[in-house]
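Participant: here is my input; please provide its structure:
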Amino acid sequence: GISVLVVDDEQPLLSLVHKALSSEGAEVVTADSAGAALRHLERRTFDVILSDLRMPDMDGERFYRAVATRWPRQVCRFVIVTGDTVGIERSEFIRSTGVRTLAKPFAIRDLHQIVAHVVRDCGRA
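Facilitator: So this is what the prediction gives:
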């Protein structure tokens with residue numbers, strides 16, 4: 001199966017995504033902060049990286065830029081998850097990077113779809 005790194009400071013969301021993707025055979029690794037996610041990335045690659053935009057230690061944009069600097073080949077695999085859709089549409093970061101986004105609340109179907117698109121477009125890690 002594919003490997004997915006999920007980064008969010010909200011435990012219920014981590015649990016939901018973990019359950020939804022692992023039930024389809026994905027290997028899901030969760031991190032409750034960008035710092036923890038970076039430690040996972042130091043050890044291995046992932047097929048998909050789902051990251052919340054708003055997190056206390058380092059927001060999704062700074063996390064994305066850290067990954068882009070250290071592991072540029074992982075950038076294709078990035079999906080920003082956000083509840084702030086209006087802000088996202090106006091976001092220079094999203095526009096300038098072209099990073100994929102998934103708006104909260106999302107249907108499990110949307111989650112599976114975006115994960116499939118990443119793997120299709122970026123290949124396997």
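Participant: other SSEs contacting whichever strand or helix holds I114?
Facilitator: In this structure, I114 sits in helix 108-122 according to DSSP states H and E. Secondary-structure packing of helix 108-122 (3 or more Cβ pairs under 8 Å, 6 or more residues apart in numbering; DSSP states H and E): helix 11-22, strand 48-52, strand 78-82, strand 100-103. C-beta: built from backbone N, CA, C; applies to glycine.
Participant: same for the second one, what does it pack against?
Facilitator: The elements that strand 48-52 packs onto, with contact taken as 3+ Cβ pairs under 8 Å, 6+ apart, are strand 3-7, helix 34-43, helix 60-70, strand 78-82, helix 108-122.
Participant: so which of these is the most surrounded?
Facilitator: Of the helices and strands packed on strand 48-52, the one with the most neighbours on average (mean count of other Cβ atoms under 10 Å) is strand 3-7, at a mean of 24.
Participant: report the distance from that strand to the chain centre.
Facilitator: Computed by Cα atoms, centre = their mean, to the nearest Å, the chain-centroid distance of strand 3-7 equals 6 Å.
Participant: so that strand versus helix 34-43, what angle?
Facilitator: Calculated by axes from the mean of the first three to the mean of the last three Cα atoms, to 10 degrees, strand 3-7 forms an angle of 160 degrees with helix 34-43.
Participant: what helices and strands are in contact with strand 3-7?
Facilitator: helix 11-22, strand 27-31, helix 34-43, strand 48-52.
Participant: sheet partners, orientation included, of the last one?
Facilitator: Which is strand 48-52. As defined by DSSP bridges, the strand partners of strand 48-52 come to strand 3-7 (parallel), strand 78-82 (parallel).
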